[in-house]
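Visitor: The following comprises the amino acid sequence and a computationally predicted model.
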Amino acid sequence: IQIAHVGEHVSSSYLLSQDANNEDGYLQAVLDIGSSLGGFGIEVQLFKGKVYNRQIKIRKPKKGFNFPPVNLVLKSKCDFRKKVSVPLYNYVDSNEAQFLKWL
């Protein structure tokens, strides 16, 4: 993923988290530094004019191979109403439905 701060201030603090829970088990999103994005998420400070490149690994539960997308969420720490959410998926079926699928 690529994230960047484009606000007014030189830097801002955000929470990076996931919204993903389903009946078949819990999909866990983990940042490349080893931090889980589940639950509260992790705090990140972004500086204006800098683009951050990170990798996210999705760990699947022991049961199942087909899951709804994991929603990656970036929220402002000063105003939780300000947030962006992006679904992470690796498969689109013939009806254009998105999934995370393991073979």
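Guide: Good, I have the coordinates.
Visitor: C-alpha only now, for contacts and for neighbours.
Guide: OK.
Visitor: Check the average confidence over the lengthiest strand in the chain, would you?
Guide: Counting residues, the longest strand found in the chain (DSSP state E) is strand 11-19. Mean pLDDT, computed over strand 11-19, is 90.
Visitor: what ranges do the strands span in the protein?
Guide: 2-4, 11-19, 28-31, 42-47, 51-53, 56-59, 66-67, 70-76, 83-88, 91-92, 98-101.
Visitor: Relative to the whole chain's centre, how far out is the fifth one?
Guide: Right, strand 51-53. Chain-centre distance of strand 51-53: 14 Å, with C-alpha atoms, centre = their mean, to the nearest Å.
Visitor: strand partners of that strand, parallel vs antiparallel please.
Guide: According to DSSP bridges, strand 51-53 forms sheet pairs with strand 2-4 (antiparallel).
Visitor: just the fourth one next, same as before
Guide: Strand 42-47 has its sheet partners listed here by DSSP bridges as strand 11-19 (antiparallel).
Visitor: what angle separates the strand it pairs with from strand 83-88?
Guide: 40 degrees (axes from the mean of the first three to the mean of the last three C-alpha atoms, to 10 degrees).
Visitor: Which strand residues bridge the most centrally placed residue in the chain?
Guide: When C-alpha atoms, centre = their mean is applied to the chain, the residue found nearest the centroid is Leu72 (2.2 Å). Assessed by DSSP bridges, Leu72 has beta-bridge partners Gln18, Val86.
Visitor: Please consider this matter closed, and thank you.
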